[in-house]
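**Q** Model the following, please.
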Amino acid sequence: MEPKVRRNIFLNCNPEGLKSLMHQQLNDLKSSPRFEAPKHALIIGGSSGYGFASRLVLAEQGTKTVSVSFEKAPEDEKTGSAGYWNNTYFMEHFKDGHLDLNQDAFAKETKQDVIKYYQSLGVKIDLIIYSLASGVRPGPRGEMVRSALKPLGKAYTGLHLDVASKSLSEMTLEPATDEETKDTVYVMGGSDFYDWVMACDEAGILSDHVKAMTYSYVGGTFTKPIYRDGTLGKAKDDLEAYTYKLDAHLKKKGGEAMVARLKAIVTKASMFIPGIAAYGGILFDEMIKRGVHESTLQHVERLFRDNVYGGSRVFDQEGRLCLDTLELEPSLQETVNTRLQKADESILSLKGMKIFIDEFYEINGFLN
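**A** Coordinates of the predicted model:
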């Protein structure tokens, strides 16, 4: 099967490639040390990226999972979404004790379905992971509210990678309006995470030692104008603020809520934000040279084994769990920034950039 890519959007996926990739990842996890994993985990957004990696790591440790995601099933000649097939092959492999809900995570009805499921089993949730990556959310009046990945205050110009042609060109994004910023926070912020945890708590399905986790990203100085200082950063600020609010609530019963700062990875959004792909490719290249590059799966496995359920937690001043220290090591960042200032088409031949582009194809099932 040949990939069909238009404007950095995959119009198809390769189910067999996704199946092969998942089994390759599971094989990699076989040699991972055992750790005291939770018995029951709820993952909101568990069909791709960090959410799917978390589900694989935990399930391989014996955790029973429920994943909520909204994915397109195959229809006529359309292959369906990559996330749909990730869910399908996960359930084929792990079978008993796991549940997929292909529903809108924002909907109250979905939250009620999850609550009824756990109540029917008579078990409680030990871990809730919020890893939702949606660009749209129903508003209070049923209207569709959309996020806008834009800078704030002034325009931002960066190198844009066209995946299909493997070419670079400059792209400029105009600053977001106040309404676009507000909408992005509503869609990608923390209010829905808060609603999920509180709904489950009020229903009595959280264990006393429950952990509620969400994932965030800080990045270096190069990506700051378009990421942390942009609309995405405002959404992450909101997500983190709600997490700290949940932490204060859960601590009363012996639980906790945490924000994990994770490394840069290849996602669908990576290819839409100017500068991110160039940064990611050069970052990967430099981390590979220094022997500190981790795959998404390796990164998540270390998160749970050494940090969440281990004794190696490191927090920043804001109270976020730091897993991005390898990416943000000062001398590495200095080298990456220097290389980015001189970046041109030649970076496409870098090993790190090739890996970055290959991973974009791989998450859609097209393997080398």
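
**Q** And the pLDDT for the nearest residue to Leu350 once chain neighbours are set aside?
**A** Distances taken as CB to CB, 6 or more residues apart in numbering put Asp285 closest to Leu350, at 4.5 Å, once the chain neighbours are dropped. Quick note: C-beta positions are derived from backbone N, CA and C, even for glycine. You'll see Asp285 listed with a pLDDT of 97.

**Q** ok, now which ones touch Asp285?
**A** Leu350, Lys351, Gly352, Met353 (CB atoms under 8 Å, 6 or more residues apart in numbering).

**Q** In helices, which of those fall?
**A** Lys351, Gly352, Met353 (DSSP state H).

**Q** With neighbour count as extra columns, can I get the residues you listed in TSV?
**A** Formatted as TSV, the ones in helices among the contacts of Asp285 follow (neighbours: other CB atoms under 10 Å):
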residue	neighbour count
Lys351	12
Gly352	20
Met353	24
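
**Q** just curious, which of those residues is nearest to Gly153?
**A** Nearest to Gly153 among these is Met353, at 29.8 Å by CB to CB.

**Q** For the closest one, give its distance to Gly254.
**A** Between Met353 and Gly254 the computed distance is 46 Å (CB to CB, to the nearest Å).

**Q** Ok, Gly310 next?
**A** Look at Gly310 and Gly254: by CB to CB, they are 19 Å apart.

**Q** Compare these two and say which is more crowded by neighbours.
**A** Between Gly310 and Gly254, counting by other CB atoms under 10 Å, Gly310 is the more crowded of the two (14 against 10).

**Q** Reformat the contacts of Asp285 as a markdown table; add distance to Lys154 and pLDDT.
**A** Putting the contacts of Asp285 into a markdown table (distance: CB to CB, whole Å; pLDDT from 0 to 100) gives the following:
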| residue | distance to Lys154 | pLDDT |
| --- | --- | --- |
| Leu350 | 30 | 96 |
| Lys351 | 34 | 96 |
| Gly352 | 30 | 96 |
| Met353 | 28 | 95 |
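
**Q** Reduced to three states, what does the spatially most central residue of the chain come out as?
**A** The residue lying closest to the centre of the chain (CA atoms, centre = their mean) is Tyr50, at 4.0 Å. What DSSP: H, G, I helix; E, B strand; the rest coil gives for Tyr50 is helix.

**Q** Could you pull up the contacting residues of it?
**A** Counting by CB under 8 Å, 6+ apart, Tyr50 touches Ser131, Tyr215, Leu262, Ile265, Thr296, Val300.

**Q** Count the neighbours of the first one for me.
**A** Looking back up the chat, that one is Ser131. Neighbourhood size, Ser131 [other CB under 10 Å]: 25.
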